[in-house]
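Engineer: Coordinates for the following, if possible.
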Amino acid sequence: MTSPPNDTQADFLAALRGDLGPLPPGPQTRPREEIAEVHRRRIIAGMAQALATNGIARTTIADVVREAQVSRRTFYELFADKTTCLMATYDACTDLQMRFIEEAVEARAGQPWQERITAGIRAYLEIMRALPDLARVLIVELPSAGPEALARVRAGHARFAALVVRLAELHREDLPAEAEMDQLTAVAIVGGINELVLQALAAGEDPHTPMIERTAMRLVVGALIGARDTAAT
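Structural biologist: Take a look at the predicted model:
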């Protein structure tokens, strides 16, 4: 899968699984590590599906193993508890989102930096639109699920911010001489974009609208142009 999902969560969940179906019954001839990886990815996809259906509080391990089509014993061989699996699922979802966004940005290599950043923002918002139930859990619910969950969310924001900084560095020659994009500024931008999406999801609205896309882009451009204005004072 090389582009963001379009209409449903099915493609995203398939990507989390690596398009691996359940193992056939009976003795396995595959290496143990390969079997464990198949099961791990299916459990993560199962957790994502259960979260999208039930939310964090109502999701049980029974829900996860049913969606994953694995046994409870297999679950506990790979994850200590529901929280451990939840954190791994958030990490896997973030990895996949980053892949979609980076592919969208790289597809516009050689184009102006505004086009590349817009492509990244659009890819992120398209994912949020395609996965409203899962996105609502990971963006609205997860940050309130305890210190470990909040730390995971902040680490995810830092990864998106690093991509913004990297793009600014790649296009250094095209930017105003005084323009700067450091990690702290990029984190603030990502936080602002996340808040736009959070408000839309919490209200049951489409998180990808022209207004949200334009506002997100203004945050990036404003930070760069603002650096020039600040340097002049």
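Engineer: Export only the CA atoms of stretch 85-95, formatted as PDB.
Structural biologist: Written as PDB, here are the backbone C-alpha positions of stretch 85-95 (Å, rounded to 0.1, in the frame of the first residue of the first chain):
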ATOM      1  CA  CYS A  85      -0.600  -3.800  23.300                       C
ATOM      2  CA  LEU A  86      -2.300  -0.300  23.200                       C
ATOM      3  CA  MET A  87       1.100   1.400  23.200                       C
ATOM      4  CA  ALA A  88       2.400  -0.900  20.500                       C
ATOM      5  CA  THR A  89      -0.700  -0.200  18.400                       C
ATOM      6  CA  TYR A  90      -0.200   3.500  18.700                       C
ATOM      7  CA  ASP A  91       3.400   3.200  17.600                       C
ATOM      8  CA  ALA A  92       2.400   1.000  14.700                       C
ATOM      9  CA  CYS A  93      -0.300   3.500  13.600                       C
ATOM     10  CA  THR A  94       2.200   6.400  13.900                       C
ATOM     11  CA  ASP A  95       4.800   4.500  11.800                       C
END
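Engineer: Just name the shakiest helix or strand of the protein by mean pLDDT.
Structural biologist: Using mean pLDDT, DSSP states H and E, helix 210-232 stands out as the lowest-scoring helix or strand of the chain, at a mean of 75.
Engineer: all helices of this structure, in order?
Structural biologist: Per DSSP state H, the chain carries helices over the ranges 10-17, 32-58, 61-68, 72-78, 82-106, 113-130, 132-135, 147-170, 183-202, 210-232.
Engineer: Quick check: mean pLDDT of the fifth one?
Structural biologist: Helix 82-106 shows a mean pLDDT of 92.
Engineer: centre of the chain versus that helix, how much separation?
Structural biologist: 5 Å (CA atoms, centre = their mean, to the nearest Å).
Engineer: swap in the first one?
Structural biologist: Relative to the chain's own centre, helix 10-17 is displaced by 13 Å; criterion: CA atoms, centre = their mean.
Engineer: got it, and the shortest one?
Structural biologist: Averaging C-alpha coordinates over helix 132-135 and over its chain gives two centres that are 11 Å apart (CA atoms, centre = their mean).
Engineer: Name the surrounding residues that touch that helix.
Structural biologist: By CB atoms under 8 Å, 6 or more residues apart in numbering, the surrounding residues in contact with helix 132-135 are 9, 12, 48, 51-53, 93, 127-128, 197, 201, 207. Placement of C-beta: from N, CA and C, glycine included.
Engineer: nearest to Glu141, of the helices of the chain?
Structural biologist: When the helices of the chain are ranked by proximity to Glu141, the top entry is helix 32-58, at 4.9 Å, counting by CB to CB.
Engineer: which residue packs closest to the residue most central in space within the chain, ignoring adjacent ones?
Structural biologist: Central residue of the chain (CA atoms, centre = their mean): Thr94, 3.4 Å from the mean position. Take Thr94 and drop its neighbours on the chain: the residue closest to it by CB to CB, 6 or more residues apart in numbering is Gly156, 4.5 Å away.
Engineer: Any idea how many residues pack against that neighbour?
Structural biologist: 22 (other CB atoms under 10 Å).
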